[in-house]
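[1] Provided below for reference: sequence and predicted model.
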Amino acid sequence: MKLPTPALYRAVLCRHSSQAAVSSKSPSRRNGELTFENPTFAYKTKTTREIFRGVFVYRLFSFESIVNNNKRMTELARKVLGQRLFDYVMKATVYGQFIAGTDRNDIQPVLERYNKAGVRSILDYAVEEDVSDEGVMGPVRDDEQEVKEHDQHRLPKFKAYKEFADRRQRTPLAASYFYEGEEKCNERMKVFLQCVDASASSQGDGFVAVKLTALGQTSFLLHLSSILQQVRFMFDSMTDPNLPLLERRLTKEAFVNGLNKLGIIVKQDTIDNLFPQMDTTTSDGEIDVIDFIYFFRPSETPYTEIFKKVDAQGEEWPLVDNFTRREQSQMRSVHRRLEVLAEAAVEKNVSLMVDAEQSYFQPAINRLTTKMMKNYNGERPVVYNTYQCYLKETTDLLMRDIELARRFNVRFGAKLVRGAYMEQERERANVVGYADPVHEDYAATTRCYNTCMDLVMREVAEHGAGLMVATHNEETVRTATACMEKYDLPPDHPRVSFGQLLGMSDHVSFELGRCGYRPYKYMPYGPVDEVLAYLGRRANENRGLLRGATRERKLLQQELLHRASLGALRPKSP
């Protein structure tokens, strides 16, 4: 059976190889033309004090020495000023710019004000624990012991390494969680539940951001990722790598030949029993990548007994690993926590966005998230997976997951981002010795982003998928709105949203709201002392996006001059 998706994939790639945008034509808007050049429209809901604060904070973060030493400087300021005055100064400056408030009650006025301006919220409890070196290195020792006892054949990419154990290093744009026991995971789950409640109380269709590394042991996620890559290696070895992924298919004869090629000898009666079990999603007499990968469940032993090969020393070893008992328990615990969150989201009409993380965790995160999609996305996209477009494999992965959702007859949900771990990904690949997973340059990442956006927009139009376009890039936003017009999706379509961080790209968010689209602000909250790590990352991000930050500072300054010319201290109520 030939699927239409690969042909669509090739068409989209051809289109984007010749142009970065879907269309250069400006689509008609319900509430006017989309422009990012008018600060009066963009900032009309902001007070003059907030405008001054934005100019000051962006200027502050333009100094390299301040950004590089922000942690040391905040610690010194706390000692000199005392906790009470320090909190006041932070709330008047950096904290007030990027943080919505201290707790769910404190943030409600902020959520309501943004909601009235047409900007909805993605809630994130931004507290990050100050994990000790022991807390960082413990999972590495656990993983090394696991490998020694059970897993000599784990792929190098999916092992833990001491020099990369602290994932906070070289990742200024993303939060990092470390395993500190099951009780700590349960506490984090409860915090996510509080975010669901807070989102439901302020708006009917909000989002809550979830990180899977907050809910389980990282060594478990590494091993699950390794197993899934072992399975993918088997499939790739049996099929033609020159074909698009979804066009690679195995008849029973090709399956047997592929096993023989890998050095696996299986009896014919076993094949006769096994092949129909693998051909489950289409039952068409052929196995494709979806059938193959989702047949393997790491907690079930018989598959590792079947798929064995003999090495040069005459020893048998499985091509696909098993979970240990501890890992089986971890799998059940993570599933249980995700189910609690998803059921709460369904009940409260909120959606969960599962954040992407490092590529060596991502196969496991993707597997767990798509399982939640299968269970909870029947009526609407409750669970969204995040796709990092700076990774070379993202387009194939996205297409596979779209097809998986179609076969399960559920609503696909995707958040598209460029990615937050590029520096760490490249360094780790170079040191450990595997292929660099990241696109060669920003242009290639943009092409990937536009291709993926086109694929999901089509899925929105044809099958009721959900899409979050998470970007601060004005050109990407224009490309997205043109793509909506291409597929006859109105600006206020309930399944297409745009996401930016609180305190950044307000001229994009509020302009989208003015023109009738559905912008969301990523709303972090938490006590001043406990969100300093988040604020440090915002400082680094502004340094990395200095050109955009300079543009935003100029727009804020223009609005100040405009208000001064009118003699106004704050804008009139809209």
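    Structure received. Residues are numbered from 1 along each chain as shown.

[2] what is the rounded mean pLDDT of stretch 283-295?
    Average pLDDT, stretch 283-295: 91.

[3] endpoint to endpoint, it covers what distance?
    End-to-end distance of stretch 283-295 (Cα to Cα, to the nearest Å): 13 Å.

[4] stretch 197-206 now?
    End residues of stretch 197-206 are separated by 10 Å (Cα to Cα).

[5] and that stretch, how far out from the chain middle?
    Mean-position distance between stretch 197-206 and its chain equals 21 Å (Cα atoms, centre = their mean, to the nearest Å).

[6] quick one: buried residues of that stretch?
    Going by neighbour count (16 or more other Cβ atoms under 10 Å), the buried part of stretch 197-206 is Ala198, Ser199, Ala200, Ser202, Gln203, Gly206. Any C-beta I mention is one placed from the backbone N, CA and C, and that applies to glycine too.

[7] ditto for stretch 290-310
    Neighbour-count burial for stretch 290-310 [16+ other Cβ under 10 Å]: Ile290, Asp291, Phe292, Ile293, Tyr294, Phe295, Phe296, Pro298, Tyr303, Thr304, Ile306, Phe307.

[8] can you list the residues you listed in TSV and add secondary structure and distance to Leu556?
    Listed next are these as TSV, based on DSSP: H, G, I helix; E, B strand; the rest coil; distance: Cβ to Cβ, whole Å:
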residue	secondary structure	distance to Leu556
Ile290	helix	49
Asp291	helix	54
Phe292	helix	53
Ile293	helix	49
Tyr294	helix	50
Phe295	helix	55
Phe296	coil	53
Pro298	coil	52
Tyr303	helix	59
Thr304	helix	60
Ile306	helix	64
Phe307	coil	60
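
[9] farthest pair within these?
    Taking every pair in the buried residues of stretch 290-310 and measuring Cβ to Cβ, the maximum separation is 21.0 Å, between Ile290 and Thr304.

[10] for Gly466, what are phi and psi?
    Reported as degrees, to the nearest 10, the phi and psi values for Gly466 are phi -120, psi 140.

[11] pretty sure it is touching Leu416, no?
    No. Counting by Cβ atoms under 8 Å, Gly466 sits too far from Leu416 to count as a contact (11.5 Å).

[12] what about Ala482, distance to Met373?
    Distance of Ala482 to Met373, computed by Cβ to Cβ, to the nearest Å: 28 Å.

[13] more neighbours, those two?
    Met373 (25 against 17; other Cβ atoms under 10 Å).

[14] mind listing what's buried along the helix or strand where that one lies?
    Assigned by DSSP states H and E, Met373 belongs to helix 362-376. Neighbour counts over helix 362-376 (16+ other Cβ under 10 Å) mark 362-370, 372-376 as buried.

[15] equivalent analysis for stretch 550-564, please.
    Residues of stretch 550-564 classed as buried by neighbour count (16+ other Cβ under 10 Å): Arg551, Glu552, Arg553, Leu555, Leu556, Gln557, Gln558, Glu559, Leu560, Arg563.

[16] kindly confirm whether my reading is correct that the last one touches Thr48.
    Yep, that's Arg563 we're talking about. Yes. Counting by Cβ under 8 Å, Thr48 is a contact partner of Arg563 at 5.9 Å.

[17] helices along the stretch 351-500 of the chain, start to end?
    Under the criterion DSSP state H, counting those that start in this stretch, the stretch 351-500 of the chain contains helices at 362-376, 394-408, 422-432, 442-463, 474-486.

[18] which elements pack onto the third one?
    Packed against helix 422-432 by the contact rule (3 or more Cβ pairs under 8 Å, 6 or more residues apart in numbering; DSSP states H and E) you find no helix or strand.

[19] how far away is Cys195 from Ala126?
    On the measure of Cβ to Cβ, Cys195 and Ala126 end up 11 Å apart.

[20] same question, Thr395
    31 Å.

[21] quick one on the thing from earlier: check the buried residues of stretch 550-564 against Gln424 and report the nearest one.
    Glu552 (26.8 Å).

[22] next, the contact list for the closest one, please.
    Gly54, Tyr58, Met504, Ser505, Asp506, His507 (Cβ atoms under 8 Å, 6 or more residues apart in numbering).

[23] for PyMOL, write the selection for the buried entries among the residues you listed.
    Entered in PyMOL, the line below selects the buried ones among the contacts of Glu552, by 16+ other Cβ under 10 Å:
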select buried, resi 54+58+504+505+506+507
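
[24] filter the contacts of Glu552 down to the ones in helices?
    Within these, residues falling in helices by DSSP state H are Gly54, Tyr58, Asp506, His507.

[25] wait, the third one touches Lys46, no?
    To tie it back to what came earlier, the one meant is Asp506. Yes. In this structure Asp506 lies within contact range of Lys46 using Cβ under 8 Å: 7.3 Å.

[26] where does pLDDT dip in the stretch 301-450 of the chain?
    Across the stretch 301-450 of the chain, residues meeting the criterion (pLDDT under 70) sit at 301-304, 311.

[27] tell me, how many residues neighbour Gly263?
    11.

[28] same question for Ala444.
    14.

[29] so can I have TSV of the buried residues of stretch 550-564 showing pLDDT?
    Compiled in TSV, these are given as follows (pLDDT from 0 to 100):
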residue	pLDDT
Arg551	83
Glu552	86
Arg553	87
Leu555	91
Leu556	92
Gln557	92
Gln558	92
Glu559	92
Leu560	91
Arg563	90
